[in-house]
Each structure stands twice: as structure tokens, then as C-alpha cells.
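K.L.:
need a structure here:
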Amino acid sequence: MDEPAEARVGRGQRLAEAMREDLELFGVVELEERIDALQAEIDRTRAQIKKKQSGRAAAEALFGRSAD
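P.N.:
Okay, here's the model as predicted:
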């Protein structure tokens, strides 16, 4: 018999789940590691925003400003 396919995780679902975690269960070192991981994700997200803004600016420079 076939194994059931894993449910697909929705966009942002893991972040929402992480935000609901009970932080009381974590020790200080674990909380500091969590902060480091979250900061790395913030940095990665900001880098992606800059990349997208640069691409948009380049397109607008090439094709002219689009009507919003």
C-alpha cells in the first residue's frame, strides 16, 4: 500500500508555529541560540528585500517607471 504524501507546509506556517512555542521550556543557552537563528533569518530576509528592490529599480530604469 502506498504511504500517504506529506502535507505541504504553507508559506509562513513554520514561522507562525515558532511564534507560538512556549519559551518557558527553553534554557538561557537555547534562547540565545534561538535569537541568533532568528537574527540570521532577519538578515537573510533583508538581503532578499534589497535584491528585489535593486531588480525593480533596474527594470524601472530600463523600461521607465510603471503606473502603480
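K.L.:
avg pLDDT for the longest helix along the chain?
P.N.:
In the chain, with assignment by DSSP state H, the single longest helix is helix 28-63. What helix 28-63 shows for mean pLDDT is 94.
K.L.:
buried ones in it?
P.N.:
Of the residues in helix 28-63, none count as buried by neighbour count, 16 or more other CB atoms under 10 Å. Any C-beta I mention is one placed from the backbone N, CA and C, and that applies to glycine too.
K.L.:
That one: how far from the chain's middle?
P.N.:
In terms of CA atoms, centre = their mean, to the nearest Å, the centre of helix 28-63 is found 8 Å from the chain centre.
K.L.:
again, but for stretch 22-42
P.N.:
How far stretch 22-42 lies from its chain's middle: 16 Å, per CA atoms, centre = their mean.
K.L.:
And stretch 55-68, by the same measure?
P.N.:
Offset of stretch 55-68 from its chain centre (CA atoms, centre = their mean): 25 Å.
K.L.:
Look at residue 6 and give its secondary structure.
P.N.:
Three-state assignment for residue 6 (DSSP: H, G, I helix; E, B strand; the rest coil): coil.
K.L.:
mind checking pLDDT for it?
P.N.:
pLDDT for residue 6: 75.
K.L.:
Just give the number of residues close to it.
P.N.:
6 (other CB atoms under 10 Å).
K.L.:
Phi, psi for it please.
P.N.:
Main-chain dihedrals, residue 6, degrees, to the nearest 10: phi -70, psi 140.
K.L.:
residues touching it, list them.
P.N.:
For residue 6, the contact set (CB atoms under 8 Å, 6 or more residues apart in numbering) is empty.
K.L.:
what's the spacing between the residue most central in space within the chain and residue 15?
P.N.:
In the chain, the C-alpha nearest the mean C-alpha coordinate belongs to residue 45, at 5.8 Å (CA atoms, centre = their mean). Between residue 45 and residue 15 the computed distance is 10 Å (CB to CB, to the nearest Å).
K.L.:
what does residue 27 give?
P.N.:
Here residue 27 is placed at a distance of 22 Å from residue 15 (CB to CB).
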